[in-house]
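S.K.: Sequence plus predicted model, see below.
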Amino acid sequence: MKTGVLVHGCNLNIENWRSVAWGEPPHHLGRIPMGFLVAEEHDASVVVFGTGASRKEFRFGDLTKDRPVLTEADFSLHYLRTHFHQLVQFTEIKQRVNWLCDDRQYSAKRQAFLDRIIADNVSLNTFEEICNAGKIFSEQQIDRVILVSSPSHIVRCLRDASAIYHSDSAFKRFRLNLFASPSITCYEGTSAADVVVVEPPHRPDRHVIPTHRRIQRMMTLQKLPQEQLVSLIEEFDDLLQKYEDIYFSFMNEKQSP
């Protein structure tokens with residue numbers, strides 16, 4: 001079974017990019033090292049580095065003087081190239097990928113891994129990352145796809161991949177073998193527990209009001225001008241407070257003897 005790994009890009013302008021994308025040795029793997037580990041353990045035929053809309057100067061290694069402006073995918077790829085020797089700082093990687101500590105194999109294996117990476121410099125968001133990676137996987141006759149991203153992002157990645165790959169016959173080869181592998185590190189101050197999943201109603205013992213559609217509508221308004229977005233949040237917060245008061249009053253009455 002041929003495996004393809006998609007390592008989702010990370011906005012280059014966030015304050016803790018290195019923590020999210022690379023990680024914090026020895027135990028907290030970011031997206032890039034986790035992508036490496038997953039690809040090695042599953043003998044991936046191709047690894048796609050995804051990208052988004054951000055770009056930034058690269059100031060590491062042999063490109064320090066030139067300082068080219070790179071996309072998320074190329075930035076991540078060059079970061080891996082210049083920091084490859086530091087992968088052994090992660091305990092799990094050192095224990096599972098033996099050739100990293102074998103001088104006889106290191107150079108050839110390192111190059112062989114880098115040769116399997118394809119940088120997607122076209123995508124502008126997660127949805128497009130998954131679409132473009134799917135096209136690459138299809139061309140490479142991949143049978144199994146593994147998504148790699150942060151714990152607070154991977155749920156949406158899997159949702160989008162399910163929607164895209166299950167609805168397009170071009171991806172039928174791997175749509176029944178779609179997996180997600182979260183890295184360890186997250187965006188600053190967040191964790192997987194902060195993710196809110198709003199499912200469509202499906203239980204007969206609960207309400208059937210399509211709450212998820214209201215939430216979807218609200219999320220489409222994220223690009224409102226700042227002033228209007230703040231007003232929306234404030235009004236929404238007031239409305240929530242009103243019904244929270246009603247709810248807790250009801251619950252207190254219900255629990256009273």
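M.R.: Looks like it came in fine. Keep in mind the model is a prediction, meaning the values are calculated, not measured. Numbers count the residues shown, from 1 in each chain.
S.K.: Using the three-state scheme, assign Leu221.
M.R.: coil (DSSP: H, G, I helix; E, B strand; the rest coil).
S.K.: Backbone dihedrals for it, please?
M.R.: Main-chain torsions, Leu221, degrees, to the nearest 10: phi -90, psi 10.
S.K.: ditto for Gln141
M.R.: The phi/psi pair for Gln141 (degrees, to the nearest 10) is phi 60, psi 50.
S.K.: same check, this time on the one 5 residues further on
M.R.: Backbone torsions of Ile146, given as degrees, to the nearest 10, read phi -120, psi 120.
S.K.: ok, now which ones touch it?
M.R.: With contact taken as C-beta atoms under 8 Å, 6 or more residues apart in numbering, Ile146 is in contact with 3-6, 38, 42, 44, 179-181. Using the backbone N, CA and C atoms, a C-beta is placed for each residue, glycine as well.
S.K.: nearest to Ile246, of those?
M.R.: Among the contacts of Ile146, Ala180 lies closest to Ile246 (C-beta to C-beta), at 38.3 Å.
S.K.: tell me which element that closest one falls in.
M.R.: Using DSSP states H and E, the element containing Ala180 is strand 178-182.
S.K.: Check Leu158 too.
M.R.: Counting by DSSP H and E, Leu158 is found in helix 154-167.
S.K.: all strands in the stretch 1-150 of the chain, in order from the N-terminus.
M.R.: Counting by DSSP state E, counting those that start in this stretch, the stretch 1-150 of the chain has these strands, from start to end: 3-7, 23-24, 28-29, 46-49, 55-57, 69-71, 117-119, 144-149.
S.K.: thinking again about what came up before, neighbouring contacts of the strand holding Ala180?
M.R.: Counting by C-beta under 8 Å, 6+ apart, residues outside strand 178-182 touching it are 34, 38, 144-151, 154-155, 157-158, 161-162, 165, 192.
S.K.: Buried ones only from the residues you listed, please, as a ChimeraX command.
M.R.: The command below creates a ChimeraX selection of those among the contacts of strand 178-182 that count as buried (16 or more other C-beta atoms under 10 Å):
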select :34,38,144,145,146,147,148,149,150,151,154,155,157,158,161,165
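S.K.: Mind putting the contacts of Ile146 into JSON lines with pLDDT and distance to Gln241?
M.R.: Listed next are the contacts of Ile146 as JSON lines, based on pLDDT from 0 to 100; distance: C-beta to C-beta, whole Å:
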{"residue": "Thr3", "pLDDT": "98", "distance to Gln241": "49"}
{"residue": "Gly4", "pLDDT": "98", "distance to Gln241": "47"}
{"residue": "Val5", "pLDDT": "98", "distance to Gln241": "45"}
{"residue": "Leu6", "pLDDT": "98", "distance to Gln241": "41"}
{"residue": "Val38", "pLDDT": "98", "distance to Gln241": "44"}
{"residue": "His42", "pLDDT": "97", "distance to Gln241": "48"}
{"residue": "Ala44", "pLDDT": "98", "distance to Gln241": "49"}
{"residue": "Phe179", "pLDDT": "98", "distance to Gln241": "41"}
{"residue": "Ala180", "pLDDT": "97", "distance to Gln241": "36"}
{"residue": "Ser181", "pLDDT": "98", "distance to Gln241": "39"}
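S.K.: Would you mind listing the outside residues contacting stretch 23-32?
M.R.: For stretch 23-32, with C-beta under 8 Å, 6+ apart as the criterion, the contacting residues are 7-8, 10, 18-22, 33-34, 37, 76, 79-80, 86, 89-93, 148-150, 183-185.
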